[in-house]
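J.: show me how the following folds:
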Amino acid sequence: MGRLRNVAKTPLAMRTTHIDDFHYCCAEVFCALYAAFPVPYLLLVEDTTGPIKWDMTGLPDRRSQACFETFVWLAEHDLLRFRTLEPRNTGIEGAVLTQKAFVLLTSHITWTSGDMTSRIEALLEARRNRAYADLEMLINDIFRANCTWSAPVTAKPLPKSEPLEPVDS
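T.: Sure, this is the predicted structure:
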């Protein structure tokens, strides 16, 4: 019972770090594959999460493994295709957006301000401005639009965060 109390006292932001990482990884994958489209691309875990830290048994750290599993999850949900898995789950070779993913990314959204933009342009801007709340909202919007098990929902305007100073690339 003590464990449950500790979890309940844990701030929500600390409990959802893995979901934040998932959204970030999805955004990185979509942006990389869109930039390479239609040419197949080598998606490497370390390009998204940084160097993989291997434990003494040869297994990758949790974050790197979660990133790799995100690649696989996106493929299982028909958002990307790939030719082969890289050894030791370090990436996927020959990754390319599916037609469905391409259409979802190039479709337009409306911000609550009334501005319209494509989902991919919004993702690129959110990455550039380090607007992680926008990344989360956009990725969830893509997933909702990809759902085939629910009735279609008319997209509502999305609130947009104020940009932080962009990181020089």
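
J.: spatially central residue in this protein, please.
T.: Cys26 (1.5 Å; C-alpha atoms, centre = their mean).

J.: pLDDT value on that residue, please?
T.: pLDDT, Cys26: 93.

J.: is it in contact with Asn140, as I believe?
T.: No. Between Cys26 and Asn140 there is no contact under C-beta atoms under 8 Å: 9.7 Å. C-betas here are computed from N, CA, C, even on glycine.

J.: got the buried residues for stretch 99-110?
T.: Residues 101-102, 104-105, 109 are the ones in stretch 99-110 that count as buried (16 or more other C-beta atoms under 10 Å).

J.: if you could redo that for stretch 85-102, that was the one I meant.
T.: Here stretch 85-102 shows 86, 89, 91-92, 95-98, 101-102 as buried, counting by 16+ other C-beta under 10 Å.

J.: contact partners of whichever strand in the chain runs longest?
T.: With secondary structure taken from DSSP state E, the chain has its longest strand at strand 91-97. Residues outside strand 91-97 that contact it (C-beta atoms under 8 Å, 6 or more residues apart in numbering): 29-30, 33-34, 36-47, 68, 71-72, 75, 79-86, 105.

J.: what about the strands in this protein?
T.: 41-44, 80-81, 84-85, 91-97, 108-110, 116-118.

J.: export those strands to TSV and tack on mean pLDDT?
T.: Putting the strands of the chain into TSV (pLDDT from 0 to 100) gives the following:
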stretch	mean pLDDT
strand 41-44	94
strand 80-81	94
strand 84-85	88
strand 91-97	94
strand 108-110	87
strand 116-118	91
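
J.: what's the closest of these to Ala145?
T.: strand 108-110 (9.3 Å; C-beta to C-beta).

J.: quick one: low-confidence parts of this structure?
T.: 1-15, 148-154, 166-169 (pLDDT under 70).

J.: for the longest helix along the chain, which positions count as buried?
T.: Ranked by residue count, the top helix of the chain under DSSP state H comes out as helix 17-36. Neighbour-count burial for helix 17-36, counted by 16+ other C-beta under 10 Å, picks out 21-34.

J.: a markdown table for the strands of the chain, including distance to Asp134?
T.: What follows is these, written out as a markdown table (distance: least, C-beta to C-beta, whole Å):
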| stretch | distance to Asp134 |
| --- | --- |
| strand 41-44 | 23 |
| strand 80-81 | 22 |
| strand 84-85 | 31 |
| strand 91-97 | 21 |
| strand 108-110 | 11 |
| strand 116-118 | 11 |
